[in-house]
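J.: Mind looking at a prediction? Sequence and model below.
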Amino acid sequence: ENASTSKSPTDPSNPLLSATIIQHSQDASDLPPVDFPFIIARGLSTVGQPEIPEMETTNFQFEILEDIAFGESLDIILGKLVSLVEAQVPDSRCSILLLDHSSGELTIGSAPSLPDEYNQAINGTVIGPNAGACGAAAYLRQSIFIDDISTDPRWEAYRDLAATHGLVACWSTPIVSRRS
């Protein structure tokens, strides 16, 4: 399959990640629109990565929903979402990047398993069709699948950075607020 081909998150043949946005307050008019692409970066070691058994996964999902309902900080919620995805996708590292609509820049929402040097380098990336997987996903408002970072043109500016940190393939799924 071509690396730029996009599948619907609800397509049963899609082995990747599906995401659901849950409105967590009755009056969310005071909340800013939230756009954030997921990036799952394959190829890093999972040494020390905690495993979450299936039964605990369901409990963890309810814990995240409870955190949302009770107004827990975005940092905590995004950190738990990243941990949940990483536990369900072996040999992966996940980040959630937030889009600043005024500047068009992506900032780190949560990326605890990616190296600090990598996170610092991509923090503030301006979205665009050739801004890596996350920048392209946010710009095009569609999922981006890249099976070889070393040859994909969208990663040209970040190719050496990705190679330095062992990133070989990735996908990014934008989650777009209905209000944006």
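T.: Good, I have the coordinates.

J.: just checking, residue 132 touches residue 158?
T.: Yes: using C-beta atoms under 8 Å, residue 132 is in contact with residue 158, at 5.1 Å. Backbone N, C-alpha and C define where each C-beta goes, glycine included.

J.: longest strand of this protein?
T.: Ordering each strand of the chain by length in residues (DSSP state E) puts strand 92-100 first.

J.: Show me the helices in this structure, by range?
T.: Taking DSSP state H as the criterion, the chain carries its helices at 54-69, 74-88, 116-122, 132-140, 159-164.

J.: For residue 176, which of those helices is the nearest?
T.: Proximity to residue 176 (C-beta to C-beta) singles out helix 132-140 among the helices of the chain, at 8.7 Å.

J.: Could you list the alpha-carbon positions for that closest one in CSV?
T.: This file holds the C-alpha atoms of helix 132-140, laid out as CSV (Å, rounded to 0.1, in the frame of the first residue of the first chain):
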residue,chain,number,x,y,z
GLY,A,132,6.5,15.1,8.4
ALA,A,133,3.6,12.9,9.2
CYS,A,134,2.0,15.2,11.8
GLY,A,135,2.5,18.4,10.0
ALA,A,136,1.0,16.9,6.8
ALA,A,137,-1.9,15.3,8.7
ALA,A,138,-2.8,18.5,10.4
TYR,A,139,-2.5,20.5,7.1
LEU,A,140,-4.4,18.1,4.9
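
J.: Could you pull up the contacting residues of the closest residue in space to residue 63 that isn't next to it in sequence?
T.: Excluding the flanking residues, the one nearest residue 63 by C-beta to C-beta, 6 or more residues apart in numbering is residue 80, at 7.0 Å. Counting by C-beta atoms under 8 Å, 6 or more residues apart in numbering, residue 80 touches 60, 63, 64, 67.

J.: Please name the nearest non-neighbouring residue to the last one.
T.: The reference is to residue 67. Closest residue to residue 67 apart from its sequence neighbours, by C-beta to C-beta, 6+ apart: residue 77 at 5.3 Å.

J.: and the gap between that neighbour and residue 154?
T.: 28 Å (C-beta to C-beta, to the nearest Å).

J.: who has more neighbours, the two?
T.: residue 154 (23 against 19; other C-beta atoms under 10 Å).

J.: Residue 136 is in contact with the more buried one, correct?
T.: Yes: Residue 154 is within contact range of residue 136, at 5.0 Å (criterion: C-beta under 8 Å).

J.: Mutual contacts of those two, please.
T.: 129, 130, 144.

J.: count of neighbours near residue 178?
T.: So residue 178, with other C-beta under 10 Å, has 8 neighbours.
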